[in-house]
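[1] give me a 3D structure for the following:
(one chain, ligands or ions: 1)
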Amino acid sequence: MTRIRWFGTNWKMNKSPQTAREWTTAVGTYMAEMPADQRLFVMPPYPLLPQILQDTKGTGLIVGAQNCHWVTSGAFTGEVSPQLLKEIGAHNVLLGHAERRKQFGETDEMIGRKASAALRVGLGVVLCIGEDASIKDDPATTRSFLEKQLSIALGDIPALAPEQLVVAYEPVWAIGVGADPPAVYEVAEQLRVIRHVVDQIVNEHVPIVYGGSVTLENGPSLLTETVADGLFIGRHALDPAMFIRIIQTALGERSVVE
Ligand SMILES: O=C(CO)COP(=O)(O)O
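    Now for the predicted structure:
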C-alpha cells in the first residue's frame, strides 16, 4: 500500500485576503504536478475560508478552520459551529491546538466534545496533542499525559471515514518563535507511543504528523527518522515558496543546500 504523506499549515492569526491569494496561487501551481500520494492542508482564519475554498476548488488542497464549537447553533457569541463549517464547504477543522488550550482554557473534555461533533457532521479533524516543557524530560509522565489527551479526545468519536482524522503531535515546548528546536530523538519516541495508543483506540488507519518549529533543515529527519506520516508547519509555511521547499526537501526531492 502506498504511504500517504501529509503536509499542513496552520496560519494562526496571520494573512490578509491578498497575501492568502498569493499563497494559494503558488501552492496551487505546485499541487498541479503533485504526486497522488501527498495530501496538503491549510487552516486559515475563519473569514478567509470562503475565498480559499473558492480559489482552490479542484486542486485537492484540504482547507479547514482553526477551531469550532461542539453545538450546532445557539447563543454562543463569537463561536462557530461544525455544521456551519460543513455547510460552507470546509473540509476539516483543527482541534486542541496548544494555543487554544493555553490561552483560551480548552480542556481535554471540551476538545473531545468538539472532535465528536465535527466528525459527526462529516468534517475531518486534525487533533493536536503534546506535552509541555515541565514534563518533557520524564518519559513515563509524558507517556501517560499523551495517552490521557488521546483517550479523552477520541473517547466518543463515531466510525471514521478514510483519512477523516489526523493526529498532530505538537509538543508545547517546540511551538513558535523562541521555542527549543526539536531534536529528532526527542520526538521519535513520543511519536511511537502515539502511534501505539491511536492504533488501540481507532480501527481506521490514522495518519500522525509532527508539528512544532519544523524548518527546511529539520524537516527531512523529522519525517524520515520517525514514524511521522507528515509535517505540520506554522511560521515557516507562511511563505508559500518555503512551504513547498520544506515539502520537497523532506521528501528528498531537493537538498537543503542549493
Ligand atoms: O503550531 C504550529 C502548527 O499548528 C507550529 O508552529 P511553528 O511551526 O511556528 O512552531
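
[2] tell me which residues touch whichever residue of the chain sits closest to the ligand, please.
    Here the residue of the chain nearest the ligand is Gly234; by C-beta to the nearest ligand atom that distance is 2.2 Å. All C-beta spots, glycine's among them, are computed from the backbone N, C-alpha and C. Listed by C-beta atoms under 8 Å, 6 or more residues apart in numbering, the contact partners of Gly234 are 9-10, 12, 175-176, 211-214.

[3] buried ones from the residues you listed, can you make that a ChimeraX selection?
    Of the contacts of Gly234, the buried ones can be selected in ChimeraX as follows, counting by 16 or more other C-beta atoms under 10 Å:
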select :9,10,12,175,211,212,213,214
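
[4] which of the contacts of Gly234 are close to the ligand?
    Judged by C-beta under 6 Å from any ligand atom, the overlap between these and the neighbourhood of the ligand comprises 10, 175-176, 211-214.

[5] what backbone torsions are found at the spatially closest residue to Arg113 that is not a sequence neighbour?
    Distances taken as C-beta to C-beta, 6 or more residues apart in numbering place Trp70 nearest to Arg113, at 3.9 Å, with adjacent residues excluded. Listed backbone geometry of Trp70 is phi -100, psi 0, with angles given as degrees, to the nearest 10.

[6] and the one 5 residues further on, by the same measure?
    Backbone torsions for Ala75, taken as degrees, to the nearest 10, come to phi -80, psi 80.

[7] cool, Ile152 as well?
    Backbone phi and psi, for Ile152 under degrees, to the nearest 10, turn out to be phi -70, psi -40.

[8] correct me, but it touches Gly112?
    Yes: counting by C-beta atoms under 8 Å, a contact exists between Ile152 and Gly112, whose distance comes to 5.0 Å.

[9] residue contacts, Leu61?
    Residues in contact with Leu61, defined by C-beta under 8 Å, 6+ apart, are 24, 27-28, 31, 40-42, 52.

[10] now intersect the residues you listed with the strands, please.
    Residues of these located in strands (DSSP state E): 40-42.

[11] the spatially closest residue to Asp132 that is not a sequence neighbour: neighbour count?
    By the measure of C-beta to C-beta, 6+ apart, the closest residue to Asp132 outside its immediate chain neighbours is Val172, 4.0 Å from it. As a burial measure, Val172 scores 21 neighbours (other C-beta atoms under 10 Å).
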